[in-house]
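# can you look at this prediction? I've put the sequence above it.
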Amino acid sequence: MAPTCVCISTPGPAQNNGPHQCLSLWRGSSPHQDAPRAHQLRRNFLTCLSSWKAPPRIPRSSQSEALLNIANNGLPYAPLQTFTEEEMMLKRTVERFAQEQIAPLVLTMDENSKVEKSVIQGLFQHGLMGIEIDTIYGGTGASFFSSVLAIEELAKVDASVALFCDLQNTLINTLIMKHGTEEQKATYLTKLATEEIGSFCLSEAGAGSDSFSLKTRADKKGDYFVINGSKMWISHAEYAGLFLVMANVDPTRGYKGITCFLVDRGTEGLHIGKPENKLGLRASCTCPLTFDNVKVPEANVLGQIGHGYKYAIGMLNKGRVGIAAQMLGLAQGCFDYTIPYIKERVQFGTRLFDFQGLQHQVAHVATQLEAARLLTYNAARLAEAGRPFIKEASMAKYYASEIAGRTTSKCIDWMGGAGYVKAYPVEKYFRDAKIGTIYEGTSNIQLNTIAKHIDAEY
Amino acid sequence: MAELRALVAVKRVIDFAVKIRVKPDRTGVVTDGVKHSMNPFCEIAVEEAVRLKEKKLVKEIIAVSCGPAQCQETIRTALAMGADRGIHVEVPAAEADRLGPLQVARVLAKLAEKEKVDLVLLGKQAIDDDCNQTGQMTAGFLDWPQGTFASQVTLEGDKVKVEREIDGGLETLRLKLPAVVTADLRLNEPRYATLPNIMGAGPKASASGNGSADVAPMEAGCRRLGQGRPVNRGLPCAESQEEED
């Protein structure tokens, strides 16, 4: 016997998002189509996992807006969570886009390890892949902070989608905007803003944290460079149309021979391997690449020969703030999902949230989230202001990724059994968070960087 | 053909997903620091206007909002969706609370005449007061025909065909322009403002004006005596069982 739906709807204006979804899982599917066991679970949870008034996919703190102020309220020393009007509108739009267009697809994308075309198209259509690119190239012409906000909002829904936005904006676009010739910018920036995904190829099987020990060679042959070697852990290689390849033109000069090459997808000799089967960020494909006598014209060298290592370091600094934003959004999204649950679930005649032990844990996690947010926003504003921000960026990435792991783990604890099953999104946040402490500079590397700066300060 | 001009009224309301809390003194609901956004039905109205403009049937779209300074945000959203100009009829925050459909309708009627528009578009009702009166009253003041609860709008030369959702089903009217149309849920699906449009809305906003100087001061005809939660009738609903904070 199918469970009957006990819902009381208020007579009144139809909600913009259609009939109310009572007892609906985060899948977004009709409640009566799911497996019987899920029905059983939901009968006990009732409204815990979705209030019949507010759709489950848009849980939010009622205080979240209290902190967001428009910059022109005349304060000489504005709080860090102060946005310009454009940044505010951008944040709202991305939030809505993520909730309405991405959220329903998150589960399938994770299960199939494949991002939906409509999501990528949506990112491009909304200008999210060319946030800082100048409008003359078809980009959005917004600030770096806007990128950070966009990445954070996307990560609240799906960290894999946020990664597409992050890598494109903070790595690919930044490299070309900063070091590209006018011709290269004209050739690539418009495409990157409107339809083409870029892939950044630095890591190799033998060169991870020690990236400068990369072995991929680029030998000069007349007007061409011939690239031979292999890369590993390359994000989005399966969808990318442009590859930014770091190869060494002169291994005798050590890392001072590393040069950045722009390689188009169809180039002969470029082989893209099978995507890895990962723990998290499954919708974002990660592939090995092989370069088998790949001929690249001299005109496709980005910047100066032998300066590739400088570009890589320089741009990874901003990249760190982007990753911090991703981890921050991920942790916040997980937290936002969990709190309404523990406010409704009752055990021993008491709401879970009313147990002081739990309140302390929640407060602890919330404080860490706030700290991570401030670190990230401050690093972003410092970068925008053109001030030194490397130490702060490292701190932000390190802290945000570490607490993302802790937050998601705690959220699973608070959700109990529900946190452990794939029917609810919390376990996905937990799996996705793990990579945060590893990629774009492991936590140990970040700590090294921070210590190095402290050493220089004193 | 695109000589028609449209006025779209947009209202800033508490976001539909926010949990509403009644103020402790029961004079209203908490609005401080609470997320506000454009009324969903107003969004649909703006979207319809923008679609008509894209079909080259409408030449200019003017977005209007009555209320405190924060209404500028709502107008900017309309600009980002595709409106050309915005008019903010500024009402001090203290009076804004008593602003009702009658006052707004007077304002809209005056603006519609002043701007010489051919079409006034509104959402059918606002999600905060559910009045469903402003559009009808505006048409009354202007003595224009009205097509309310529109689920389809087709411009035909100097007439507009409006398909309305009524209790008995669907009713189709043909109105002579100028006319007032209010948007219902199924009229269209509003677009997102793309980032480039959001960035472009800034310059449009600064070029827009403030309309309060031309409009007569309003006196509120009604005064709210109190506001509270519905009484618990013992029904199995988690919302009504919650303690008031």
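Perfect, thanks for sending it.

# neighbours of A:Thr350, how many?
The burial metric for A:Thr350, expressed as a neighbour count using other C-beta atoms under 10 Å in any protein chain shown, is 11. For the C-beta atoms, the positions are set from N, CA and C on the backbone; glycine is no exception.

# low-confidence regions, chain B specifically.
For chain B, the stretches flagged by pLDDT under 70 are B:1-2, B:206-224, B:235-245.

# tell me where it has strands.
Taking DSSP state E as the criterion, chain B contains strands spanning B:4-9, B:12-14, B:36-38, B:58-67, B:85-90, B:119-123, B:146-156, B:159-166, B:169-176, B:179-183, B:209-210.

# quick one, which of those is nearest to A:Leu107?
If you check each of the strands of chain B against A:Leu107 by C-beta to C-beta, strand B:36-38 wins as the nearest, at 27.2 Å.

# neighbouring strands for the closest one, and are they parallel or not?
Strand B:36-38 has these partner strands in its sheet, going by DSSP bridges: strand B:12-14 (antiparallel).

# tell me the SS of A:Leu154?
Recorded secondary structure, A:Leu154: helix (DSSP: H, G, I helix; E, B strand; the rest coil).

# ok, and the closest non-adjacent residue to it?
Setting aside the residues directly before and after it, A:Leu154 is nearest to A:Ala162 in space (C-beta to C-beta, 6 or more residues apart in numbering or on different chains), at 3.9 Å.

# the one you found: neighbour count?
Other residues within reach of A:Ala162, judged by other C-beta under 10 Å, total 33.

# pretty sure it contacts A:Ala155?
Yes - with contact taken as C-beta atoms under 8 Å, A:Ala162 and A:Ala155 are classed as touching, separated by 3.7 Å.

# joint contacts of those two?
When contacts are counted by C-beta atoms under 8 Å, 6 or more residues apart in numbering or on different chains, A:Ala162 and A:Ala155 have A:325-326, A:329-330 as shared neighbours.

# between those residues, which sits nearest B:Glu48?
Taking C-beta to C-beta as the measure, B:Glu48 sits nearest to A:Gly329 out of these, at 33.6 Å.

# counting neighbours, what do you get for the residue nearest to B:Pro145 when sequence neighbours are not counted?
Distance criterion C-beta to C-beta, 6+ apart; nearest residue to B:Pro145, sequence neighbours excluded, is B:Leu175 at 4.0 Å. If you count neighbours by other C-beta under 10 Å, B:Leu175 ends up with 18.

# who does B:Leu175 bridge with?
Applying DSSP bridges, one finds that B:Leu175 bridges with B:Val160.

# ok, now which ones touch it?
B:Leu175 is in contact with B:145-147, B:159-162, counting by C-beta under 8 Å, 6+ apart.

# and what of A:Tyr399?
A:324, A:371-372, A:375.

# so how far is the strand or helix carrying A:Lys397 from its chain's centroid?
A:Lys397 is part of helix A:390-415 when elements are defined by DSSP states H and E. The chain centre lies 13 Å from the centre of helix A:390-415; the measure is C-alpha atoms, centre = their mean, to the nearest Å.

# what does stretch A:149-165 give?
So, by C-alpha atoms, centre = their mean, the centroid of stretch A:149-165 is 4 Å from its chain's centroid.

# swap in stretch B:15-33?
Remark: stretch B:15-33 is offset 20 Å from the chain centroid, using C-alpha atoms, centre = their mean.
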